[in-house]
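for reference, the sequence and a predicted model appear below.
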Amino acid sequence: MTDLGPSSESAMVLALLRAETDAPRYHGGCSQALQAIGRSRATLIDAADLSNDTENRDRAHVLRLVRGYGANTMLFRGFPNDAAWRRYEVSVAELGQFLYANWSTLLELSGPSRLVSDGAKTAVIDPLPSLRPETTVFVDGVRAVVKRVAAGDQFDDLIAVRDCQRLT
């Protein structure tokens, strides 16, 4: 793992919104939240200006509405308020040692280890073992990403939490 230096909370919020705005599971919520605050994806996310404090506050508000950011709810339940944001470059092997969030779909893929590598092993089994429908939909999304990677597509930054034992 290579430390690329400090980042900012605003950059994390933007990276997460960019990922979730295109994710089928959260696209509708992001669109509704943007509409609720009178902002557009084009200006607030696609052509973001991280030096604009108003935009940064609006993006954080959208993430709060959709994922509980700053409200100690949903994805951010129990998340520390004093996180230090940094950028890292990781290898595929290192990524395999990351842990999935404690979410039933990811636990079904990885088993109790929560290791991304264990989830990946399950996701490539063909035919898939007997999985809940929502897990099968998730695996379909993973397989679509694998195809895009194989085709040379690039992706925005990955958001991960490091050394945060307070999260469950």
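Great, that's in hand. Treat the numbers as computed from the prediction; the structure is a model and nothing was measured. Numbers count the residues shown, from 1 in each chain.

give me the low-pLDDT residue ranges for this protein?
163-168 (pLDDT under 70).

strands of that one, start to end?
2-6, 86-89 (DSSP state E).

how about a markdown table for those strands, with mean neighbour count added?
For glycine as for every other residue, the C-beta is placed from the backbone atoms N, C-alpha and C. Below are the strands of the chain laid out as a markdown table (neighbours: other CB atoms under 10 Å):
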| stretch | mean neighbour count |
| --- | --- |
| strand 2-6 | 9 |
| strand 86-89 | 13 |
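
which one of those lies closest to Gly29?
Comparing those by their distance to Gly29 (CB to CB), the top pick is strand 86-89, with 26.5 Å.

output the contacting helices and strands for that closest one.
Applying 3 or more CB pairs under 8 Å, 6 or more residues apart in numbering; DSSP states H and E, one finds that strand 86-89 contacts strand 2-6.

neighbouring strands of the strand it packs on in the sheet, and parallel or not?
In the sheet, strand 2-6 lines up against strand 86-89 (antiparallel) (DSSP bridges).

now do the strand it pairs with: distance to the chain's middle.
Remark: strand 86-89 is offset 15 Å from the chain centroid, using CA atoms, centre = their mean, to the nearest Å.

redo the strands of the chain as JSON lines? Include distance to Asp157.
Shown next, in JSON lines, are the strands of the chain (distance: least, CB to CB, whole Å):
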{"stretch": "strand 2-6", "distance to Asp157": "10"}
{"stretch": "strand 86-89", "distance to Asp157": "7"}
